[in-house]
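A.B. asks: my questions are about this predicted structure, shown below with the sequence.
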Amino acid sequence: LSLVVAVTSSALHSTPPEELDPRAEVLLGQGHEALSAGLNEAAIDSFEAALTIQPGNPQILVDLATANRRIGMQGKAIHHYRQALVTDPRNVPAIAGEGAAMAEKGATEKANRNLAQLKAMCGADCDEVKELVAIIARGPAPKVVSAEAVIPTQAVTEQ
């Protein structure tokens with residue numbers, strides 16, 4: 001009985017995925033390969049190209065957001081997760097990813113709201129819940145500072 005409940009509840013988490021255009025599917029596959037190889041920028045390029053073929057596809061948006069999170073672009077990732085949630089408000093990976101990106105930005109309270117939503121949807125034993133709990137516990141990601149943002153002090157010394 002519990003197996004039936006688990007399968008039924010997981011099927012209700014999100015809307016059925018729309019059929020992917022074959023060109024977008026190829027690009028999505030290339031993006032996943034690049035992501036697995038640690039080539040985050042190449043993955044982003046593939047996912048963005050797939051998104052131009054199939055705009056608004058939640059699966060592509062989640063993958064694009066995940067790749068952006070990996071390079072420290074949490075704000076951009078949150079934007080893409082939210083776009084996916086507009087189309088599919090019960091998309092578990094999008095809710096979990098958005099919560100993770102928020103936790104990495106330091107917005108722990110908002111990340112905890114996503115965690116509560118996930119727990120209500122799939123229970124405390126859900127993989128996404130466990131992963132988000134760990135990310136929230138880890139705390140905010142270290143801030144990346146560009147070279148342009150650091151202004152050196154100019155000191156002239158005599159020797």
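C.D. replies: Here it is on my side, so go on.
A.B. asks: output the lowest mean pLDDT helix or strand found in this structure.
C.D. replies: helix 2-11 (a mean of 40; mean pLDDT, DSSP states H and E).
A.B. asks: contacting residues around stretch 67-85?
C.D. replies: Applying Cβ atoms under 8 Å, 6 or more residues apart in numbering, the external contacts of stretch 67-85 come out as 31, 35, 40-41, 43-44, 47, 56, 58-59, 61-62, 64-66, 91, 94-95, 97-98, 100-102, 104-105, 141, 144. In this view, the C-beta of every residue, glycine as well, is placed from N, C-alpha and C.
A.B. asks: give the buried subset of those as a ChimeraX selection command.
C.D. replies: A single ChimeraX command suffices to select whichever of those are buried according to 16 or more other Cβ atoms under 10 Å:
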select :31,35,40,43,44,47,58,59,61,62,64,65,66,91,94,95,97,98,100,101,102,104,105,141
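A.B. asks: helices of this structure, start to end?
C.D. replies: Assigned by DSSP state H, the helices in the chain fall at 2-11, 22-36, 40-53, 58-70, 74-87, 92-105, 108-122, 127-138.
A.B. asks: so where's this structure uncertain?
C.D. replies: 1-18, 143-157, 159 (pLDDT under 70).
A.B. asks: let's see 80
C.D. replies: Counting by pLDDT under 80, the chain has low-confidence residues at 1-18, 141-159.
A.B. asks: adding distance to E158, write the helices of the chain out as JSON lines.
C.D. replies: Shown next, in JSON lines, are those (distance: least, Cβ to Cβ, whole Å):
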{"stretch": "helix 2-11", "distance to E158": "73"}
{"stretch": "helix 22-36", "distance to E158": "53"}
{"stretch": "helix 40-53", "distance to E158": "46"}
{"stretch": "helix 58-70", "distance to E158": "48"}
{"stretch": "helix 74-87", "distance to E158": "46"}
{"stretch": "helix 92-105", "distance to E158": "46"}
{"stretch": "helix 108-122", "distance to E158": "50"}
{"stretch": "helix 127-138", "distance to E158": "48"}
